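Chemist: based on what follows, work out the 3D shape:
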Amino acid sequence: RVAEYLEDGDVPAFLYAISEAHNPLGVSMSMDRRQALVDLAVTYNMPIVEDDPYGFLAYGGESPPPLRALNDTHVFYVGSFSKILAPALRLGWMIVPTNLIPKVTVIKEAGDLESSALTQRAVSAYLDAGHLPEHVARLRQAYGERLAAMLAALDRYFPDGTSWTRPHGGMFIWVTLPEGLDARELLPLAVAQEQVAFIPGQAFALPGVDARRYMRLNFSNCCVADIEEGIQRLTRVIEMAST
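Modeler: Predicted coordinates for the structure are as follows:
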């Protein structure tokens with residue numbers, strides 16, 4: 001669809017892409033699609049902003065290389081320490097074509113001059129000490145177990161008519177509810193009666209897009225036992241709303 005749009009003559013200022021473990025869908029681009037997208041960027045001289053907060057969180061094997069690894073002239077690569085060190089850090093990084101670094105630096109300073117120097121120095125010292133690879137390995141192990149637990153619980157408990165993605169990375173599973181259900185209407189019921197929550201699909205939808213049947217589940221923030229219990233509780237809510 002990107003190719004069709006560009007062929008119509010409408011070349012945007014840039015294309016925003018999440019190539020790995022998309023939020024909220026949990027899906028990743030295949031290697032063929034990554035290469036095709038980079039080729040389009042070169043053909044139409046269109047920059048790509050590649051947002052990759054979840055690229056380090058891959059479970060069950062290595063992910064394909066990011067778009068940036070396929071092209072260093074048209075891809076702006078953006079990463080985040082918030083997903084791999086601590087959410088409150090709100091600290092990330094950007095890899096851009098070398099000749100654009102001065103311009104990007106000026107834009108950053110104009111938009112946000114007061115990024116915490118203490119936080120940046122602390123993270124820099126952590127990286128210099130070589131702690132990140134071992135830490136990310138522990139995250140992959142723990143999050144991978146939680147992902148497997150949630151997928152297994154969904155297989156065991158969710159009623160007929162529901163379906164979901166089976167991500168290989170990131171933090172989220174995208175669920176499709178049975179016909180006739182509205183996730184936004186289910187949420188207050190789930191919280192009040194079962195003390196369990198999720199994000200309705202409408203929170204991520206463009207205006208005019210019908211996302212009532214969708215919800216996003218997060219598996220990274222709970223232990224395996226809580227995931228099992230949470231999916232059972234959510235199942236009861238869905239079954240009650242379906243009757």
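
Chemist: where do the strands of the chain begin and end?
Modeler: In order along the chain, the chain carries the following strands (DSSP state E): 15-17, 48-51, 75-80, 92-95, 163-164, 172-176, 199-200, 214-218.

Chemist: can you show me the CA trace of the third one as PDB?
Modeler: If I follow you right, that is strand 75-80. As requested, C-alpha coordinates have been extracted for strand 75-80 and formatted as PDB (Å, rounded to 0.1, in the frame of the first residue of the first chain):
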ATOM      1  CA  VAL A  75      16.700   6.000   7.700                       C
ATOM      2  CA  PHE A  76      16.600   7.900  11.000                       C
ATOM      3  CA  TYR A  77      16.800   5.200  13.800                       C
ATOM      4  CA  VAL A  78      15.300   6.100  17.200                       C
ATOM      5  CA  GLY A  79      15.600   3.900  20.300                       C
ATOM      6  CA  SER A  80      14.600   4.100  23.900                       C
END
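
Chemist: what residues sit buried inside that strand?
Modeler: For strand 75-80, a neighbour-count test (16 or more other Cβ atoms under 10 Å) marks Val75, Phe76, Tyr77, Val78, Gly79, Ser80 as buried. In this view, the C-beta of every residue, glycine as well, is placed from N, C-alpha and C.

Chemist: could I get the residues you listed in CSV, plus columns for pLDDT?
Modeler: Compiled in CSV, those are given as follows (pLDDT from 0 to 100):
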residue, pLDDT
Val75, 95
Phe76, 94
Tyr77, 96
Val78, 95
Gly79, 94
Ser80, 93
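
Chemist: among the residues you listed, which two are most distant?
Modeler: Taking every pair in the buried residues of strand 75-80 and measuring Cβ to Cβ, the maximum separation is 16.6 Å, between Val75 and Ser80.

Chemist: could you count how many residues lie near Gly169?
Modeler: Using other Cβ atoms under 10 Å, Gly169 has 24 other residues around it.

Chemist: most centrally placed residue in this protein?
Modeler: Note on the chain: the residue nearest the mean C-alpha position is Asn23, at 3.0 Å, using Cα atoms, centre = their mean.

Chemist: contacts only, for it.
Modeler: The contact partners of Asn23, by Cβ atoms under 8 Å, 6 or more residues apart in numbering, come to Pro53, Tyr54, Gly170, Met171, Phe172.

Chemist: now for the residue nearest to the third one when sequence neighbours are not counted: which residues touch it?
Modeler: Excluding its sequence neighbours, the residue lying closest to Gly170 (Cβ to Cβ, 6 or more residues apart in numbering) is Ala21, at 2.7 Å. With contacts taken as Cβ under 8 Å, 6+ apart, Ala21 has the following neighbours: Val27, Ser28, Tyr54, Gly55, Leu57, Ala58, Pro167, His168, Gly169, Gly170, Met171, Phe172.

Chemist: ok, 7 Å please
Modeler: Ala21 is in contact with Ser28, Tyr54, Leu57, Pro167, Gly169, Gly170, counting by Cβ atoms under 7 Å, 6 or more residues apart in numbering.

Chemist: so can I have CSV of the residues you listed showing pLDDT?
Modeler: Converted to CSV, those look like this (pLDDT from 0 to 100):
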residue, pLDDT
Ser28, 92
Tyr54, 93
Leu57, 94
Pro167, 93
Gly169, 93
Gly170, 94
